[in-house]
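A.B. asks: the following comprises the amino acid sequence and a computationally predicted model.
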Amino acid sequence: MSILEQLMNRSESSCELCKSTENLSVFEVSPSDGSVDKSILVCSTCKEQLEDESKIDVNHWHCLNDSMWSQEPAVQVVAYRMLNKIANEGWPQDLLDMMYLDDEVKAWANEGISTGDEVIQKDSNGIVLQAGDSVTLIKDLEVKGAGFTAKRGTVVKGISLTDNPEHIEGKINGIKIVLKTCFLKKV
């Protein structure tokens with residue numbers, strides 16, 4: 001049984017955050033190992049807002065009032081992280097004050113909360129990149145010093161993050177190189 005099928009069974013074919021039954025897909029909760037336990041089923045509205053903070057509609061997240069009580073740790077983690085992102089609205093802070101997480105789940109949830117000090121790399125579409133992600137080149141890039149051109153469409157697997165928000169490291173043709181994030185798209 002695929003992860004999607006397992007999540008559909010677990011969630012009774014509805015978004016595990018807002019209960020929508022439209023346009024459902026798998027959302028991996030970072031850091032993820034790709035398992036069902038580290039994934040949730042979300043609708044396109046929730047997924048878009050989880051992946052792009054600029055598209056957050058605070059009113060949509062009133063649904064967390066119910067979903068934060070889920071027995072699934074991955075759902076609890078996403079609810080906790082989103083409530084923290086929008087806590088300055090007032091009501092989310094009230095929910096956070098009521099929310100209880102086991103120590104292990106809270107540690108996982110806090111791993112994904114930005115303190116403002118970390119460098120965040122985003123691809124050409126504004127999607128946040130994580131260490132280990134795979135990206136695709138959106139343009140032919142001349143690799144100086146290596147004597148080859150990395151072609152558009154080349155997939156770079158298992159990227160590493162750097163201290164510069166505009167750069168990541170990855171291997172192309174067995175050579176580890178620095179790539180500009182503006183020329184990449186997350187796979």
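C.D. replies: That came through, no problem.
A.B. asks: which other residues reach stretch 178-187?
C.D. replies: For stretch 178-187, contacts defined as C-beta atoms under 8 Å, 6 or more residues apart in numbering pick out 121-125, 127, 129, 133-139, 141, 155-156, 159, 162, 165-170. C-beta here means a position set from N, CA and C on the backbone, and glycine is covered the same way.
A.B. asks: need the distance between the two termini of that stretch.
C.D. replies: Distance across stretch 178-187, first residue to last, is 18 Å (C-alpha to C-alpha, to the nearest Å).
A.B. asks: next, the buried residues of it.
C.D. replies: Neighbour counts using 16 or more other C-beta atoms under 10 Å place 179, 181, 183-184, 186 of stretch 178-187 among the buried residues.
A.B. asks: equivalent analysis for stretch 147-158, please.
C.D. replies: Residues 150, 154, 156 are the ones in stretch 147-158 that count as buried (16+ other C-beta under 10 Å).
A.B. asks: output those in TSV; the columns should cover secondary structure.
C.D. replies: Below are the buried residues of stretch 147-158 laid out as TSV (DSSP: H, G, I helix; E, B strand; the rest coil):
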residue	secondary structure
150	strand
154	coil
156	strand
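A.B. asks: tell me the one of those nearest residue 20?
C.D. replies: Set against residue 20, the nearest of the buried residues of stretch 147-158 by C-beta to C-beta is residue 156 (33.9 Å).
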